[in-house]
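Trainee: Starting from these lines, generate the structure:
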Amino acid sequence: MDVLPASGAAGPWHLIFDDEFNGSVLDATKWTTGLYGGSGFTGPINLTYGIDVMAASQVSVAGGAVAITAILETNTSSEGTFPYTSGAIMTASSFSSFLFSFTYGYAEARLWLPANGSAIANWPAFWLYATAGNHTYPNGEIDIVEGLGGLAEGHLISSAGTQGPLTGSGSFVGGWHTFAVDWEPGAVTWYYDGASIGSFVTQIPSTPMLVILNQEVSTSVSPPAIAPATMLADYVRVWQH
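Mentor: From the prediction side, this is the model:
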């Protein structure tokens, strides 16, 4: 039987990308670590609010999941010196070369988010970003889920600004949860644990996007900083009609 989205969103669906994170190493045909395939220490991804660098050492695969771990360790990238070191994986090998990208479809990940009590710790995220590298419409960014201020939030970002947040019910920590979007020409709809939490119908991106998983550390948009802290992904899947 074909693997289908957890939400049961209207298909039919054809699976075009799937990583179950089996084995002991990250699949280099699908992902790179750090910022757009950069080596050594890169980032932070968000230069305004992030206080960490990305490193391949903070990404590991074991037990059928990929782990991205933030630690209290000072390191220096081309963007400066930061007190935390964390990780990211993305379907890009450079700012202009991509291992996987798509236009319209259903993207879903099963995640275990880092916890600060019953709140989400730090700034973990699963998101789609225009391969053009900007938000100028019709490019954009679809934040499927990001932990902000302890909450699981979804946003749609374009040159017109940020739409959102959409938030699901529950704490989304202490176990596995699915986070997904159905990106169609006329709307983007969010699904948390298979249930729709809302849609946006304006400024819908229409250019190719890559897939990113990362854990940023921030004491401004998502305090306090918690380290060590690990986010896990059991799978990442993308379908199209």
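
Trainee: so where's this structure shaky on pLDDT?
Mentor: Low-confidence regions of the chain, defined here as pLDDT under 70, cover residues 1.

Trainee: Centre-most residue in it?
Mentor: The residue lying closest to the centre of the chain (CA atoms, centre = their mean) is Phe126, at 1.6 Å.

Trainee: how distant is whichever strand or helix holds it from the center of its chain?
Mentor: In the assignment (DSSP states H and E), Phe126 maps to strand 123-130. In this view, strand 123-130 has its centroid 3 Å away from the chain centroid, taken as CA atoms, centre = their mean, to the nearest Å.

Trainee: and if you look at stretch 184-195?
Mentor: 15 Å.

Trainee: Residues contacting that stretch, please?
Mentor: Stretch 184-195 is contacted from outside by 5-9, 104, 108, 142, 144-145, 152, 154, 156, 166, 168, 170, 172, 177-182, 196-201, 204, 206, using CB atoms under 8 Å, 6 or more residues apart in numbering. No exception for glycine: its C-beta is placed from N, CA and C like everyone else's.

Trainee: Show me these that map onto strands.
Mentor: 108, 142, 144-145, 152, 154, 156, 166, 177-182, 196-200 (DSSP state E).

Trainee: rewinding a little: could you spell out the sheet neighbours of the strand holding Phe126, each with its direction?
Mentor: Strand 123-130 pairs in its sheet with strand 141-148 (antiparallel), strand 209-216 (antiparallel), by DSSP bridges.

Trainee: of the ones in strands among the contacts of stretch 184-195, buried ones?
Mentor: The neighbour-count test (16 or more other CB atoms under 10 Å) marks 108, 142, 144-145, 152, 154, 156, 166, 177-182, 197-200 as buried among those.

Trainee: Can I get the strand holding Phe126 in CSV? Just the C-alpha atoms.
Mentor: Only the C-alpha atoms of strand 123-130 are listed here, as CSV (Å, rounded to 0.1, in the frame of the first residue of the first chain):
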residue,chain,number,x,y,z
TRP,A,123,13.8,27.5,17.8
PRO,A,124,13.4,24.2,16.0
ALA,A,125,11.9,24.5,12.5
PHE,A,126,10.7,22.5,9.5
TRP,A,127,10.2,24.8,6.6
LEU,A,128,10.3,25.4,2.8
TYR,A,129,12.2,28.3,1.3
ALA,A,130,12.4,29.6,-2.3
